[in-house]
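[1] sharing a model prediction with you, sequence too.
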Amino acid sequence: MARPPAALLQGTLDLLILKALNLGALHGLGVSRRIEAITRGTFLVKPGSLFPALHRMEEAGWLAASWGNSENNRRARYYKLTAAGRRQFESEVSQWERIATAIAYALQAT
Amino acid sequence: MSLLRNLFARSSVERDLDQELRAFIDLLVEEKVKQGLSPAEARRAALVEAGAVEHLKDEVRDVRRGAVLESTWQDVRYGLRLLARSPGFATLAVVTIALGIGANSAIFSVINGVVRKPLAYPAPERLMYITSQFPTLNFSKFWVSPPEYFEFKERTRTFSSVAAYSTGAMNLSEGERPERVNAALVTASMFDVLGVKPLRGQVISAQQDLPNADPVVVISNELWQSSFAGDPNIVGRQVRIQGRPNTVIGVMPSGFDLHDAKVQVWMPLALDPALRTNRGSHYLYLVGRLAPGASQAGATTELEGMLRQWREWVGTGHVPNDSTHRLQMASLQDEVVGNVKGALWVLQGAVLLVLLIACANVANLLLARAESRHREFAVRTALGAGRTRILRQFMVEGTVLSVFGAVLGLALAWWGLKYLLAMNPDSIPRAAEISLDPAVLLFTVGVALTTGLVFGLAPLLHMGDQAVSQAIRDGSARTTATMGRNRVRRALVTGEIALAVMLVIGAGLLIRTFKNLTTVDSGFDSEGRLTFALELPRATYQEGAQREQFVSGLVSRLREIPGVDRAAGMWGLPPARPVSANDTEFEGYTPKEGDPPANVDYYQIATVDYLKTMGIELRDGRGFEPTDATGALSVVINEALAKRFYKDQNPIGRRVRPDGGPNDPWFTIVGVTRDVKQGGLENPAGTELYFVFEQGVRAGYVPDQMNLVVQTSRPAASIMPAIRSTVAAMDPTLPIIQMRTMDAVVGDSLVRQRFLMQLLGIFAAVALALAAIGTYGILAYMVNERQREIGIRMALGAGTAQVVRMVLRQGVLIAAVGIVAGVVGALGLARFIRSLLYGVSPSDPVTFAAVSLVIAAVAIFACLVPMRRATRVDPLTSIRGD
């Protein structure tokens, strides 16, 4: 039995998607797989969360989508970061770091 | 941009989404095949991993801006289709909502027109209304005298202009046909104060407002149209008013009025600014416009200060002061709307209750329907429809219902209100302002949407996850009732009954009030009496003797009409006429500290046969006799006056006289009558002094306007033509004013109370009907749901009586709790209705008991059909079920 994937913290999904796409354009399944890889299998993003999030971020102007061909020549919808998305990614990263540090301090406190 | 795309290029967005998800699954399959699964296994695994695709699409659509709009439209169409499929349900729901919303729109349109809408003058909030008060005489609102007007106007700094006026009716004769018109005698400053320019010509100038100036008149647009056919040369034309020629100098714009008096002609008051005597003659109302920068509070402070200084300005005599003769001000708007405001808010509260009941009923209907749609929703949920989407559909369906209801309700409100107002003219001020304006429409839309959302959400009360899965598992709805669900429904019906109890109690109290008022002892007999008024213009009847002769002659001619038993003339028409409050000298009475001031509330001047013609009983002494016409000056007093000024002494033979010079004649009291209502049936009768009309010349006053009354045993309509021809034979130029039965006079004095009672009665009836339907609905539903249980009980030997008891117990329990809650609520609301009641306490036990019984009876009646159905349950079929 595999270890059950951790529940996503509220707000972390956006950050993970931005991170995944920061490394290059991907289709939906690609985003899911890349998140799985970069979190070493901790987070499995289900399509039920993934697609609404992708579309929401596209509406917000952080992502741009276009149809392209996959490595096996399949038509798929590819997402990539826009300039606004890049800025959003940077601000979310710094915010996350602040939270992570704060939580770490909190847990070390005696 | 993307909003537009999403809305208008729906199919391409949908296609994109479809392809994207299909590609996703294909990619997933490929991945699994690479991992070594067979294509079929790979596809199955991929589909499982992808989850509920429809649900996923829903979520994505919702994410897309505009998605909300679009799916709402879908819901609307779906809702309409559903309603069309169950017309019975739809009709019942729409009619219920229409009653609730219609009642609210009707009352709001009245409040909007009467209370909310500003008066039709520029900056109406700057207009103040100034009246006087005589606290020791119990007059809380009285007129102002001309010297007081001048003194106030000269000294005020907080008003930029002040005007005085009095209103009345006058005879306008244009050619041969006389006409009765509403007149306002105004100072020239009135037009500045109100700030309205004439449509044509000029308004009254300061010179035209002086005594002995050439008579001029400004007419209303309405009169110009109706009586002068919009004559373009109206300015400069001569018209006869009160028999005197007046020059028309201007026409006011349409709708221009003062204090809802429906003024048709505006004429100069022609006060002499130099004349400061006659300080006690109060007959003016003042209107002032606040100076720029001045506030109402500032003006009030200034007025308070003036009341303390007035004595220094004037010296001796009757002057305003801060104890016995105060001046007060209120905004003109508050003054016009006056005491009807409280009644209107009570009505608005009442219709809100009706709306709540209607909502509860529709919510219950929707709940019941949701029961039967249980499986539809369960299936949709299982297919992946989100909870929010189902929730939204409920709300949209509710809104669709309430929008239909609102349209029907608005129509109902509009025609119903028109009808009721036509039936009760003059029951509320500013009735002409009541219209379907944007504010009313907005209010209706707001109410409709809110109610739609509220009862639309009702079915959600049991749409929990459990309900969904259970519905699927059940297959059919033949289980015993789910307790939670029924608790909600029962609570709704109980609440309905409680609200209905409150409304019906309110209506009951008003009905008792009205009944008390109609049976109140007015002191005279109105049955079989017919009355009308005449005004004798000074131009023709300048001398008192001429007027006396005319009226005496008319009375004797009226008496000769076949069918007329008696006839008489009177100055003031009971039971509702303005107070006269005359200072009067009682021989040997000098009021000490704490004694009532020597003042009589009502003077009456009547022909000798008056008391008998009106059926007014004598208490002591004698009434007037024909010999009094030429005999010693005599008066009759009423019991209230005897009690106030003579206490235990015998008033007969004592002398009184109107406050005047020392050389004025004394009048001897010859009799005491029962009290006759003069200030309205709801008010205690004031003190009254009767003078003999036929002694008028000797007494020094013969009125210009008289009311005549005839007593007849024949139907009023058969006597009227003879009366008209009798008057016309004596003077064809005299218009007969308001010929009607005394019963109608009494009825008209109660028009507002009647209007209020009718409205609240209608609302209470609607509430009662809705509550009955609600009670019936829940019991019928319960019997239906428990059919199997009832069947088993019967199979086990339960008799009809037990089944009946079971159903009845439910009904009685609901009704009992509702009635108790309603009674408690009504007691809590008692203070709001207190001011509208007469002769009945707001917690009147008789009304409360009667209403509780009626509601209980209605509730039990509502149980009958379900009860019968319960006893007819066939054990075999019900147990076998499906």
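    Now that the structure is in, tell me what you want to look at. Numbers count the residues shown, from 1 in each chain, chains lettered A, B, ... in the order given.
[2] who are the packing partners of the helix or strand harbouring residue B:778?
    Following DSSP states H and E, one finds residue B:778 within helix B:751-785. When contacts are defined as 3 or more C-beta pairs under 8 Å, 6 or more residues apart in numbering or on different chains; DSSP states H and E, helix B:751-785 packs onto helix B:87-111, helix B:340-372, helix B:387-423, helix B:483-519, helix B:800-833, helix B:845-871. In this view, the C-beta of every residue, glycine as well, is placed from N, C-alpha and C.
[3] can you name every helix or strand that the next helix or strand after it contacts?
    Counting by DSSP H and E, the next helix or strand C-terminal to helix B:751-785 is helix B:787-795. Contact here means 3+ C-beta pairs under 8 Å, 6+ apart; on that basis helix B:787-795 packs against helix B:800-833, helix B:875-880.
[4] for helix B:787-795, the distance to its chain's centre please.
    53 Å (C-alpha atoms, centre = their mean, to the nearest Å).
[5] ok, and for that helix, which residues are buried?
    Neighbour-count burial for helix B:787-795 flags B:787, B:788, B:789, B:790, B:791, B:793, B:794 (criterion: 16 or more other C-beta atoms under 10 Å in any protein chain shown).
[6] can you pull the contacts of the last one?
    Which is residue B:794. Under the criterion of C-beta atoms under 8 Å, 6 or more residues apart in numbering or on different chains, the neighbours of residue B:794 are B:803, B:873, B:875.
[7] which among the residues you listed are in contact with chain A?
    When contact is defined as C-beta under 8 Å from any C-beta of the partner chain, these do not meet chain A at all.
[8] just the residues you listed now: which is nearest chain A?
    Distances from chain A to the contacts of residue B:794, taken as C-beta to the nearest C-beta, are shortest for residue B:873 (47.5 Å).
[9] so how far is residue B:807 from the closest one?
    11 Å (C-beta to C-beta, to the nearest Å).
[10] common neighbours of those two, please.
    residue B:783.
[11] list the residues that contact the residue nearest to the spatial centre of chain A.
    In chain A, the residue lying closest to the centroid (C-alpha atoms, centre = their mean) is residue A:17, at 1.5 Å. Contact analysis of residue A:17 by C-beta under 8 Å, 6+ apart lists A:31, A:35, A:50, A:53, A:54, A:57.
[12] if you set the cut-off to 7 Å instead, what comes out?
    Residues counted as contacts of residue A:17 (C-beta atoms under 7 Å, 6 or more residues apart in numbering or on different chains) are A:31, A:53, A:54, A:57.
[13] next one: residue B:544
    Here residue B:544 is in contact with B:696, B:697, B:702 (C-beta under 7 Å, 6+ apart).
[14] going by distance to residue B:218, which of the residues you listed wins?
    residue B:702 (30.6 Å; C-beta to C-beta).
[15] just confirm the closest one is within a strand.
    No. Residue B:702 is assigned coil when assessed by DSSP: H, G, I helix; E, B strand; the rest coil, not a strand.
[16] go ahead and confirm it touches residue B:547.
    Yes. Contact criterion C-beta atoms under 7 Å: residue B:702 and residue B:547 qualify, at 4.7 Å.
[17] how's chain B carved up into domains?
    Per automatic domain parsing, the structural domains of chain B span B:2-68, B:146-317, B:493-520+B:746-882, B:541-732.
[18] mean pLDDT for those domains - can I get that in CSV?
    As requested, the domains of chain B are exported to CSV (pLDDT from 0 to 100):
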stretch, mean pLDDT
domain B:2-68, 77
domain B:146-317, 89
domain B:493-520+B:746-882, 85
domain B:541-732, 90
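[19] output the ones you listed in JSON lines; the columns should cover distance to residue B:426.
    As requested, these are arranged in JSON lines below (distance: least, C-beta to C-beta, whole Å):
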{"stretch": "domain B:2-68", "distance to residue B:426": "51"}
{"stretch": "domain B:146-317", "distance to residue B:426": "9"}
{"stretch": "domain B:493-520+B:746-882", "distance to residue B:426": "6"}
{"stretch": "domain B:541-732", "distance to residue B:426": "12"}
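[20] out of these, which is closest to residue B:360?
    Closest approach to residue B:360 among those is made by domain B:493-520+B:746-882 (4.7 Å; C-beta to C-beta).
[21] name the helices or strands packed onto the lengthiest helix in chain A?
    If you go by DSSP state H, chain A has its longest helix at helix A:83-108. Secondary-structure packing of helix A:83-108 (3 or more C-beta pairs under 7 Å, 6 or more residues apart in numbering or on different chains; DSSP states H and E): helix A:12-22.
[22] and the helix it packs on with helix A:83-108, angle?
    Interaxial angle of helix A:12-22 relative to helix A:83-108 (axes from the mean of the first three to the mean of the last three C-alpha atoms, to 10 degrees): 130 degrees.
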